[in-house]
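>>> model this:
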Amino acid sequence: MDIESPQKTNSGCIPGGCGTLGCGLLIVIPLLIIGSAWFILFHTPIPFNWFAKLLNKDENIEVGKVSGSLSKGFQIAEIEFSAKPGQVSLLKDVRILYPDLIKGLRKNEFNIKEIGVASARMYVDFNSKDGEGSLQINGGGSDSDKDSEDSTLDSDVSSEGGALKRFHIGRVDIRNIELLDPKNDFEFQLDECTLDGLEITQKQIQMGQLTIRSSVLDFSLSPIETSNTGELSSKVELKASLQPNEALKVRNTINLVGSFDFSDKDYPKGTFSAFDKKLQVELSEGMGQMEFAVKDLTLAEYFDLDVILPAEVNWDGLWLDGEDVPSHVETSKGSFIIGETPFTFTEGKTSSTQQMVVATSSDTNGNYTFFIEEQKDKDQPRIRLQSKSEPEKPSREILAELNFGKSFDQLDATEKQRVSKTLGEDNKSL
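Numbering: from 1, shown residues only. Down below sits the predicted model:
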């Protein structure tokens, strides 16, 4: 008996049984699987929760409920982590939200709607290595890793073929951040850090109002915008208040108010005042000219430092720094007091390029000259004093007599240290 072979339809499926249905399923089921996976991956919090469970396997980390999606951003109710027993860092309501990740990336844009933290308590370690301070938050990465990351980032940003054409943040809203370092008895409270928008393109930067309120510093910066050539096309207004703080040795609130015009990026112009307007500065465009006026300023009223600070400073002058003009100070008038001895600033430009400031004093004990001098291969200038009647007399002896009325050997350890630090001397030589 002849066995007839199955006939095929025009669709290529075998008629009868489940042939046609089978072909349909072979097409539909993969599409359903891919579509479901796509939806779960980009439109549900499942990937974030899976990652949170992975992190929670570490006994030092606990991640709370996560909501949101890859396509719209995410919000984490709570994060706890610790590196030392009894020091548990905590972040609440951490959120990074954006309108549509996929749509933005297709346009080579990254658009963030909001970055925010409702509150946080962070334990930090201030370490000192080779004389330089460093900050670690519960075992952060090494400096070499950071340098590598920064290098990579700079390369990506500066590359003409960079992926992103536009980076935008609608708002940054970070509040109630507490930083603690029990080892160094350090505590810092950030009450508010807000930024009303930031947009960076290949040719322009636009930034909204920046506001910071903390236990140490209150700061506000007006909106800024750059032109297509990268220059600021608007004036910048800033206000800052440095609050009394033991860690920073600040006794009284220091206010700073300024207005700047950066249309000439090499030589900006503007004005600012500080120390209750006892210091006023005006920046002039052109050759890097800064005119300053100090009136009845005693820095010891604002700072509690372990150095000797002059009192009742009055100083009007000009600071110049241009391509064809070496950096120097020109004084028109001024005076200050060390101990009970008044000094008068030498008018005009100093005779030596090494000398930044020169002042002289005459009293019953003799004639003294006060110098602030640049030091080769050092960033900090040094203070030096000279007696006209005793040219070989050390600066430490003069300063001890002027400020304490005693010879250096008669000072106690704290007084000696103040004299030494003021002059920039090595304490080991005491």
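
>>> Only C-alpha atoms from now on, for both contacts and neighbour counts.
Noted.

>>> which is the next helix or strand following the lowest-mean-pLDDT helix or strand in the chain?
Lowest on mean pLDDT, DSSP states H and E among the helices and strands of the chain sits helix 143-158, with a mean of 45. Sequence-wise, the next helix or strand downstream of helix 143-158 (DSSP states H and E) is strand 166-169.

>>> same for that next one, what does it pack against?
If you count contacts as 3 or more Cα pairs under 8 Å, 6 or more residues apart in numbering; DSSP states H and E, strand 166-169 packs onto strand 109-112, strand 198-201.

>>> For T211, which of the ones you listed is the nearest?
Closest approach to T211 among the helices and strands packed on strand 166-169 is made by strand 198-201 (13.4 Å; Cα to Cα).

>>> Give the buried residues for the closest one.
The neighbour-count check on strand 198-201 (16 or more other Cα atoms under 10 Å) flags L198, E199, I200 as buried.

>>> Give me the next element, helix or strand, following it.
Immediately after strand 198-201, counting by DSSP H and E, sits strand 205-207.

>>> Now do the same for S420: helix, strand or coil?
Classification of S420 by DSSP: H, G, I helix; E, B strand; the rest coil places it in helix.

>>> My guess is it contacts R396. True?
Yes - assessed by Cα atoms under 8 Å, S420 is found in contact with R396 at 7.0 Å.

>>> shared neighbours, these two?
Among the neighbours of S420, none is also in contact with R396 (Cα atoms under 8 Å, 6 or more residues apart in numbering).

>>> sorry, back to before: possible to save the buried residues of strand 198-201 as JSON lines with pLDDT?
Listed next are the buried residues of strand 198-201 as JSON lines, based on pLDDT from 0 to 100:
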{"residue": "L198", "pLDDT": "88"}
{"residue": "E199", "pLDDT": "88"}
{"residue": "I200", "pLDDT": "84"}
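
>>> and which of the residues you listed is nearest A359?
L198 (48.2 Å).

>>> how about stretch 389-404: buried residues?
Quick answer for stretch 389-404 (16+ other Cα under 10 Å): S395, R396, E397, I398, L399, A400, E401, L402, N403, F404.

>>> How far off centre is that stretch?
Counting by Cα atoms, centre = their mean, to the nearest Å, stretch 389-404 is centred 41 Å from the centre of its parent chain.

>>> Kindly report the same for stretch 347-358.
Using Cα atoms, centre = their mean, the offset of stretch 347-358 from its chain centre is 34 Å.

>>> just checking, E109 touches F167?
Yes - if you go by Cα under 8 Å, E109 and F167 touch, sitting 6.0 Å apart.

>>> Now the terminal residues of stretch 67-87, how far apart.
27 Å (Cα to Cα, to the nearest Å).

>>> Just give me the neighbour total for the nearest residue to D306 once chain neighbours are set aside.
Nearest residue to D306, sequence neighbours excluded (Cα to Cα, 6 or more residues apart in numbering): R418, at 5.4 Å. Residues within reach of R418, counting by other Cα atoms under 10 Å, total 18.

>>> Report the contact partners of R418.
Contacts of R418 (Cα under 8 Å, 6+ apart): D306, V307, I308.

>>> Just the buried residues of these.
Of those, these count as buried by 16+ other Cα under 10 Å: V307, I308.

>>> returning to that earlier point: in JSON lines, list the helices and strands packed on strand 166-169 along with distance to I177.
Output for those, formatted as JSON lines (distance: least, Cα to Cα, whole Å):
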{"stretch": "strand 109-112", "distance to I177": "22"}
{"stretch": "strand 198-201", "distance to I177": "22"}
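
>>> quick one: which of those is nearest L283?
That would be strand 198-201 among the helices and strands packed on strand 166-169, by Cα to Cα, at 27.6 Å.

>>> got a list of contacts for the closest one?
So strand 198-201 is contacted by K165, R166, F167, H168, I169, G170, R171, I205, Q206, M207, G208 (Cα under 8 Å, 6+ apart).

>>> That one pairs with which strands, parallel or anti?
Using DSSP bridges, strand 198-201 pairs in its sheet with strand 166-169 (antiparallel), strand 205-207 (antiparallel).

>>> Now distance to K388 and mean neighbour count too, for those, in CSV please.
What follows is these, written out as CSV (distance: least, Cα to Cα, whole Å; neighbours: other Cα atoms under 10 Å):
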stretch, distance to K388, mean neighbour count
strand 166-169, 63, 19
strand 205-207, 57, 18
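
>>> Please tabulate the ones you listed in a markdown table, including the columns distance to D377.
Output for the strands paired with strand 198-201, formatted as a markdown table (distance: least, Cα to Cα, whole Å):
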| stretch | distance to D377 |
| --- | --- |
| strand 166-169 | 41 |
| strand 205-207 | 37 |
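
>>> Now mean pLDDT and distance to T226 too, for those strands, in JSON lines please.
Converted to JSON lines, those look like this (pLDDT from 0 to 100; distance: least, Cα to Cα, whole Å):
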{"stretch": "strand 166-169", "mean pLDDT": "85", "distance to T226": "15"}
{"stretch": "strand 205-207", "mean pLDDT": "87", "distance to T226": "5"}
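
>>> closest one to L179 among those?
Short answer: strand 166-169, nearest of the strands paired with strand 198-201 by Cα to Cα, at 25.2 Å.

>>> List of residues touching the closest one?
108-115, 197-202.

>>> now do stretch 87-106
So stretch 87-106 is contacted by 70-82, 110-123 (Cα under 8 Å, 6+ apart).

>>> Put the buried members of these into a PyMOL selection.
Per 16+ other Cα under 10 Å, the buried members of the contacts of stretch 87-106 correspond to this PyMOL selection:
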select buried, resi 70+71+72+73+74+75+76+77+78+79+80+81+82+110+111+112+113+114+115+116+117+118+119+120+121+122+123
